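quick one: sequence plus predicted model below, questions after.
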Amino acid sequence: MNAQQLKDFLVMLEKYGHTLSDIDVNYRYDYDSDVMPLRHINEDLFDETNNKLTSICLMYREDDIEEENENNN
């Protein structure tokens, strides 16, 4: 999936009358796995020039981001 596909899906939900702020975002590995609520979105990877964002990451634990930022400073 790319970011445009995600955006298109969210726009479609709004078009059908859903309010995005009322919809939780969860993750399941498969239909039999437990639901993992996603709580944060962050930039992930950049290209070799470090100028073009190539991926984003949805995360469960926000403190992982804080720890990563502390490690990079």
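That came through, no problem.

when you work out contacts or count neighbours from here on, use the C-alpha atoms and nothing else.
Fine.

next up, phi/psi of the most centrally placed residue in the chain, please.
A centroid search over the chain (Cα atoms, centre = their mean) returns residue 58, at 2.8 Å, as the residue closest to the centre. The phi/psi pair for residue 58 (degrees, to the nearest 10) reads phi -90, psi 130.

and the nearest residue to it once chain neighbours are set aside, which of the three is it?
Distances taken as Cα to Cα, 6 or more residues apart in numbering put residue 41 closest to residue 58, at 4.5 Å, once the chain neighbours are dropped. Using DSSP: H, G, I helix; E, B strand; the rest coil, the structure places residue 41 in strand.

just confirm residue 41 contacts residue 25, I think it does.
No. Judged on Cα atoms under 8 Å, residue 41 makes no contact with residue 25 at a distance of 10.6 Å.

who are the packing partners of the biggest helix by length in the chain?
Of all the segments of type helix in the chain, defined by DSSP state H, the longest one is helix 3-15. The helices and strands touching helix 3-15, judged by 3 or more Cα pairs under 8 Å, 6 or more residues apart in numbering; DSSP states H and E, number zero.

next, the distance between the ends of stretch 36-50.
Start-to-end span of stretch 36-50 (Cα to Cα, to the nearest Å) is 31 Å.

contacts for that stretch, please.
The contact list for stretch 36-50 (Cα atoms under 8 Å, 6 or more residues apart in numbering) reads 24-28, 52-62.

need the buried ones from the residues you listed selected in ChimeraX.
In ChimeraX, a selection of the buried entries from these looks like this (16 or more other Cα atoms under 10 Å):
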select :58,59
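
right, I'll leave it there.
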